[in-house]
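Next one to model:
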Amino acid sequence: MILLDKPYVSDLLKDTIIKNNFPFTDLSEGKIFNFENKGLSAKEAVNFIKNNNFSIYTTSENSIGWINKKLTFTDLGKKIDIFKNKVKFRNLIKKNYPDYFFKEIKFDELFKTDPANFEFPLILKPSTGFFSMGVYKVSNKEKWVEVINKLKNEIKGLENIYPPEVMATDSFIVEKEAAGDEFAVDAYFDNNGKPVILGIYKHLFSGDHDVSDRVYISSKEIIEENLKEFSLFLEKTGNLAQIKNFPVHAELKKDSKNNIIPIEINPMRFGGWCSTADMTYYSYGFNPYEYYFFKKKPDWNEILKNKKDKIFSIIVLDNSTGVETSKIKSFDYDKLLGTLSCVLEYRKIDYTKYPVFGFVFAESLKNNMEEIYYLLNSTLNEFIEF
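Residues are numbered from 1 along each chain as shown. Okay, here's the model as predicted:
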């Protein structure tokens, strides 16, 4: 069963549903799935789930509210909440990370909080969040008030973009900044609770204070170097949460000593906006949605045979221009695409509704990464008219 919802459903996922005749329901009430087959009604979907032992996948965390209200006969809502709420997730794993500092603070209390006893540098982010919205790195206690003021201004622009189950700004978590490289991992837990990794992406940053989601890359080396260790981490975490038949999008950090620190694990989906799963299909030739539903495991040795020296990038065109959306007349997609040697797919997004211009999936050779770093470091001002 696939729960479709705003903000986005990709053509690949639509084609996958049609090809396999997967049961689905459109919780956006027809706003994002424009096709003859309207699927099951929400009521029919509830009955189907109640009467069938079938895997569930959500395209969007917007569906969490519906799950909490309509699927109370399952434990799905409780399992989702363990991961979606960053405080609960930290409490779940804290016995494995006894020295890891974190603290929940209500938004109204942030200005009253004395950071003198905090461990810096630290990360401040919503207890329930999405993308890198409301996420800040605080270098030292002197920067605390400055960051809180920036956060206050940003929150004004985030109101009503996502439902509270996806993005809530009433509660925040401060936590120690983990050292090392950051990765995003798509995986599912099978019927026995064993994790199966479907994709690994390294998160690139433009500098120490960059917390954006601009670029994620995958390659033969990235997967081979991390597959075993990330699988072991997911297995330990899955055992703590007692989850089975459950897709996740995990964000992790790995330091120079190969210590793995989880940032968060997003439940019931792969990368948001049908991003990482679709990119895995374009990059490595297998369909993660089908692999999850049919409980197939990638043969990475075979898949990676001809991928040497290739880098696959997801470029998130977040609005980093510093220009108010209302003042932007247009975005020059053709000009941006012209900076890349091989575009696998691009998606235009209505930037008047969401703080992102679009997504680009690109393929580069390892010796031509300059094109990716150019967009990583760009404010994107050169592509807008205002």
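
what ranges of the protein fall below the confidence cut-off?
Scanning the chain for pLDDT under 70 picks out 30-36, 128-132, 156-168.

Show me where it has its helices.
Ranges of helices within the chain are 11-20, 42-51, 64-70, 76-84, 86-93, 144-158, 220-241, 276-284, 288-293, 300-303, 333-337, 370-377, based on DSSP state H.

These: which one's closest to residue 345?
Counting by C-beta to C-beta, residue 345 lies closest to helix 276-284 out of these; the figure is 6.3 Å. To be clear about C-beta, it is placed using only N, CA and C from the backbone, and glycine gets the same treatment.

How far away from the center of its chain is that closest one?
14 Å (C-alpha atoms, centre = their mean, to the nearest Å).

thought residue 348 was touching residue 333?
Yes: assessed by C-beta atoms under 8 Å, residue 348 is found in contact with residue 333 at 6.2 Å.

Find residues that contact each of those two.
Residues touching both residue 348 and residue 333 (C-beta atoms under 8 Å, 6 or more residues apart in numbering) are 357, 358.

So for these two, which residue has more residues nearby?
Per other C-beta atoms under 10 Å, whichever of residue 348 and residue 333 has more neighbours is residue 333, with 16 against 11.

State the distance from the more buried one to residue 381.
Between residue 333 and residue 381 the distance is 15 Å, computed by C-beta to C-beta, to the nearest Å.

And for this protein, the residue most distant from the center?
residue 116 (32.1 Å; C-alpha atoms, centre = their mean).

tell me the contacts of residue 121?
137, 138, 139, 140, 177.

Sort out which one of those lies nearest residue 92 for me.
Nearest member of the contacts of residue 121 to residue 92, counting by C-beta to C-beta, is residue 177, at 20.2 Å.

who's in contact with the closest one?
Neighbour list for residue 177: 121, 122, 123, 137 [criterion: C-beta under 8 Å, 6+ apart].

Likewise for residue 370?
No contacts exist for residue 370 under C-beta under 8 Å, 6+ apart.

What of residue 190?
196, 244, 245, 295.

ranking these by neighbours, who comes first?
residue 196 (19 neighbours).

Excluding chain neighbours, what is closest to that one?
Nearest residue to residue 196 in three dimensions, chain neighbours excluded: residue 297, at 5.1 Å (C-beta to C-beta, 6 or more residues apart in numbering).

Next: residue 180.
residue 255 (3.5 Å).

looking at it, residue 368 is touching residue 339, isn't it?
No: contact criterion C-beta under 8 Å: residue 368 and residue 339 do not qualify, at 11.6 Å.

neighbour count winner among the two?
Using other C-beta under 10 Å as the criterion, residue 368 and residue 339 rank with residue 339 on top: 18 against 13.

Any figure for the gap between the more buried one and residue 322?
From residue 339 to residue 322 the distance is 20 Å (C-beta to C-beta).

before we move on, back to that, from the contacts of residue 177, pick the one nearest residue 21.
For the contacts of residue 177, the nearest to residue 21 is residue 123 (43.4 Å; C-beta to C-beta).

quick one: the closest one and residue 29, what's the gap?
37 Å.

Compare these two and say which is more crowded by neighbours.
A side-by-side neighbour count of residue 123 and residue 29, using other C-beta under 10 Å, places residue 123 first with 17 against 10.

partners of that one in the sheet?
Beta-bridge pairing for residue 123 (DSSP bridges): residue 137, residue 175.

I'd assumed residue 134 was in contact with it.
No: in this structure, residue 123 is not within contact of residue 134 by C-beta under 8 Å, at 11.0 Å.

from the contacts of residue 190, which ones fall inside strands?
residue 196 (DSSP state E).

hmm, back to that, ranking the helices of the chain by burial, who's on top?
Burial of the helices of the chain is given as mean neighbour count (mean count of other C-beta atoms under 10 Å); helix 276-284 ranks first at a mean of 24.

hang on, residue 374 packs against residue 339?
Yes: Residue 374 is within contact range of residue 339, at 6.2 Å (criterion: C-beta under 8 Å).

who touches residue 264 in this structure?
Taking C-beta under 8 Å, 6+ apart, we find residue 264 in contact with 83, 86, 89, 250, 251.

In those, find the pair that's most separated.
Based on C-beta to C-beta, the longest span within these runs between 86 and 250 and measures 13.0 Å.

just checking, residue 239 touches residue 193?
Yes: look at residue 239 against residue 193 with C-beta under 8 Å: they come within range, at 7.0 Å.

domains of the protein?
For the chain, automatic domain parsing gives the domain ranges 2-74, 101-176.

if we can go back for a sec, closest to residue 111 out of the contacts of residue 177?
The shortest approach to residue 111 among these belongs to residue 122, at 16.5 Å (C-beta to C-beta).

The closest one - how many residues pack around it?
Applying other C-beta under 10 Å, I find that residue 122 has 23 neighbouring residues.

ok, it touching residue 172?
No: in this structure, residue 122 is not within contact of residue 172 by C-beta under 8 Å, at 11.3 Å.

count of residues packed around residue 217?
Neighbour number of residue 217 under other C-beta under 10 Å is 20.

Surely it touches residue 372?
Yes: assessed by C-beta under 8 Å, residue 217 is found in contact with residue 372 at 7.1 Å.

what's the overlap in contacts for those two?
204, 311, 313.

Tell me the one of those residues nearest residue 45?
Checking the shared contacts of residue 217 and residue 372 one by one against residue 45 (C-beta to C-beta), the nearest turns out to be residue 313, at 35.5 Å.

doesn't residue 7 make contact with residue 354?
Yes: when contacts are counted by C-beta under 8 Å, residue 354 is listed as touching residue 7 (6.1 Å).

ok, back up a step: columns distance to residue 304 and neighbour count on top of the shared contacts of residue 217 and residue 372, output as CSV?
Below are those laid out as CSV (distance: C-beta to C-beta, whole Å; neighbours: other C-beta atoms under 10 Å):
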residue, distance to residue 304, neighbour count
204, 20, 20
311, 13, 22
313, 17, 28
